[in-house]
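K.L.:
prediction below, plus the sequence it came from.
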Amino acid sequence: MGKSTLVNRLAEKRDAIVHESRGVTRDRSYHDSDWNGREFTIVDTGGIESVKSQDVFAPRIREQALLACEEADVIVFIVDGSVGITEEDEEVARIVRKVDKPVFLVVNKKDDPVTEDEGLWDYYALGVGDPIPISAMHGHGTGDLLDRIVDCFPDETESEPEDDFLSLAIIGRPNVGKSSLANRLANKKRSIVSDVAGTTRDAVDTMISWRDQTIRLVDTAGIRKKNLVHEDVEYYSYVRGLQAMDRADVCLLVVDATAGVTEQDQKLANMAVDRGCGLVLLLNKWDLIDSEQKRDEVMASIDKRLAFATWVPYINISALTGRAVDKVLDSALSVAEHRAIQLRTSDLNDLLTQIRESGHTISYKGRRLKIHYATQTGSKPPVVSFWCNAPELVDDNYERFMENRLRERFDLTGTPVRLKFRRKVEGDK
């Protein structure tokens, strides 16, 4: 009927996944917007279906929609103006009539302003007020709707600016327990949890507080191999997951411990590192590891698949039972601190002196690499620049050597490090 299309129209973004199929939106997702200088948040919910629905997710989608109604100041009840009143519309009307909040009955798909009033009278039967004709696709009527919505908001109160928050993205393959972990960390039923792969389709944000730190927790859709992404909707979910990584400070990579670290987990870790995110590995379902042999197999998979990132900390958890979940946010905060570290130039050059004295360098065809100076030139993640005589001599092995020396000297657990080798020109200070 166009809820997500309307959300994108009102938010002036394309955050919500839009597709012709029913039931694309399952969790409730949040989208910032403003109208005439008044900022507000739009909550997009899954479609509430009839109680007779055979959809396995229907009861939980209903639960998410009801929670959204409880926290909202204004409710926008949208119906499809091209099909008339449906059984699902009557079901939603029964729900919103019990809510003591302003309700706007929006009749969507009234694309022709000349005929928009035709058939509107029928919607009075829902008993939720005057029907408002709009076209979410073309934007017709949405400005007037926003005027009426904003008029119903409570008066704004002066508030102190919100402190900087830490953004954590929960990433992983489908059905490894990401939403269970998100709900456990947020201590509420924020995302729909099911043993059906692909339940979460949008990236879902939750603001929480931990040890006086505000944290934005993003539960992403499970990311499969590209060649296994067949549905259009799943493709957009894949893109949303990558976007969640792009805006994350730290990624929590959830792995099914019973399967060990797979090739796809390895690729996800690589994606996070490439984007400069801190990384924590969470071995979920550890309660199902019941033998020393299984434990050894899991450890072997870590050594094999994450050999390129031995600096990533890991925690054995169970999102279902709560085992060690209290350690997750502490580890994420620690990794975020390491990612934001400021290395003193004097300390970096002391390390360079030690490396020179050890005699370890690289040479090719009579040319020898000489590093004169080092300093940190970037943060989040740390970027260290080395001024030298011949940066073209630096190969992958030497770069790994330098990174390992940095990690031995400084605590960079959980954060990638970027190294840059620059030519020192005569006369440079």
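P.N.:
Yes, it's here.

K.L.:
for the rest of this, base every contact and every neighbour count on C-alpha atoms.
P.N.:
Noted.

K.L.:
next, work out how far apart residue 292 and residue 300 are.
P.N.:
As judged by C-alpha to C-alpha, to the nearest Å, residue 292 and residue 300 stand 12 Å apart.

K.L.:
same question, residue 245
P.N.:
27 Å.

K.L.:
picking that back up, which residue of residue 292 and residue 300 possesses the greater neighbour count?
P.N.:
Between residue 292 and residue 300, counting by other C-alpha atoms under 10 Å, residue 300 is the more crowded of the two (14 against 9).

K.L.:
look at that one and report its pLDDT.
P.N.:
Per-residue pLDDT puts residue 300 at 96.

K.L.:
who touches whatever helix or strand residue 282 lives in?
P.N.:
Here residue 282 sits within strand 278-284, counting by DSSP states H and E. Residues from elsewhere that reach strand 278-284 (C-alpha atoms under 8 Å, 6 or more residues apart in numbering): 176-177, 249-257, 269, 272-273, 312-319, 331-332, 335-336, 339, 381, 414-416.

K.L.:
chain center to that strand, what's the gap?
P.N.:
15 Å (C-alpha atoms, centre = their mean, to the nearest Å).

K.L.:
then stretch 250-260?
P.N.:
Chain-centre distance of stretch 250-260: 15 Å, with C-alpha atoms, centre = their mean.

K.L.:
use 25 as the first number for this chain going forward.
P.N.:
Got it, the first residue is 25 from now on, which makes the last one we talked about stretch 274-284.

K.L.:
contacting residues around it?
P.N.:
Stretch 274-284 has contacts (C-alpha under 8 Å, 6+ apart) with 191-197, 200-202, 269, 285, 289, 292-293, 296, 301-310, 312-313, 318, 321-323, 325-326, 356, 359-360.

K.L.:
mind listing the strands for the stretch 175-324 of the chain?
P.N.:
Remark: strands assigned in the stretch 175-324 of the chain by DSSP state E, counting those that start in this stretch are 190-196, 228-234, 237-243, 274-280, 302-308.

K.L.:
which strands or helices does the first one pack on?
P.N.:
With contacts defined as 3 or more C-alpha pairs under 8 Å, 6 or more residues apart in numbering; DSSP states H and E, the secondary structure elements packing on strand 190-196 are helix 202-210, strand 237-243, helix 256-270, strand 274-280, helix 287-298.

K.L.:
for residue 106, find the nearest of the strands of the stretch 175-324 of the chain.
P.N.:
strand 228-234 (30.4 Å; C-alpha to C-alpha).

K.L.:
so residue 63, which state does it fall into?
P.N.:
When classified by DSSP: H, G, I helix; E, B strand; the rest coil, residue 63 comes out as strand.

K.L.:
in this structure, what secondary structure element scores lowest on mean pLDDT?
P.N.:
The weakest-scoring helix or strand in the chain, judged by mean pLDDT, DSSP states H and E, is helix 256-270 (a mean of 58).

K.L.:
neighbours of residue 395, just the number please.
P.N.:
Using other C-alpha under 10 Å: residue 395 sits among 22 other residues.

K.L.:
that one pairs with what?
P.N.:
Taking DSSP bridges as the rule, residue 395 bridges to residue 412.

K.L.:
ok, the one 4 residues further on next?
P.N.:
Beta-bridge pairing of residue 399, defined through DSSP bridges, involves residue 409.

K.L.:
ok, it - contacts?
P.N.:
Taking C-alpha under 8 Å, 6+ apart, one finds 367, 368, 369, 372, 373, 408, 409, 410 in contact with residue 399.
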